[in-house]
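1. 3D, please:
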Amino acid sequence: RLLVGTLFTALIGLLSGPATTVALFLLATLLCLGAGRFFRRWLGGLTGDGLGAVNQVVETLCYAVLVHASTLETGLRHALSL
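-> Have a look, this model is predicted:
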């Protein structure tokens with residue numbers, strides 16, 4: 001399931017460009033590792049609420065990166081067409 005989910009996510013990411021995909025994976029991985037470390041120190045382990053919160057933050061981060069990437073691409077296209 002993890003492999004299928006990762007491949008599906010990579011496919012969606014590649015539609016927005018390889019640099020965006022790499023940025024998404026790196027940021028999401030760093031955020032998850034940092035949150036896991038935080039929850040282990042603070043609570044002694046992971047909880048369902050912690051995992052749900054991390055899921056929501058990662059999802060919001062992905063949306064923000066995709067919006068930023070599309071804005072940059074649109075700006076570059078506009079600048080090159082002048």
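2. and whatever helix or strand residue 52 lives in, what other elements does it pack with?
-> Using DSSP states H and E, residue 52 falls within helix 48-81. Identification of packing neighbours for helix 48-81 by 3 or more CB pairs under 8 Å, 6 or more residues apart in numbering; DSSP states H and E yields helix 18-43. C-betas here are computed from N, CA, C, even on glycine.
3. Can you give the distance from the helix it packs on to the centre of its chain?
-> 8 Å (CA atoms, centre = their mean, to the nearest Å).
4. Next, the angle helix 48-81 makes with it.
-> Counting by axes from the mean of the first three to the mean of the last three CA atoms, to 10 degrees, helix 18-43 lies at 160 degrees to helix 48-81.
5. so how many other residues sit close to residue 21?
-> When counting by other CB atoms under 10 Å, one arrives at 19 neighbours for residue 21.
6. and the closest residue in space to it that isn't next to it in sequence, what element?
-> Distances taken as CB to CB, 6 or more residues apart in numbering put residue 13 closest to residue 21, at 3.4 Å, once the chain neighbours are dropped. Here residue 13 is covered by helix 2-15, with elements defined by DSSP H and E.
7. now the angle between helix 48-81 and that helix, please.
-> 20 degrees.
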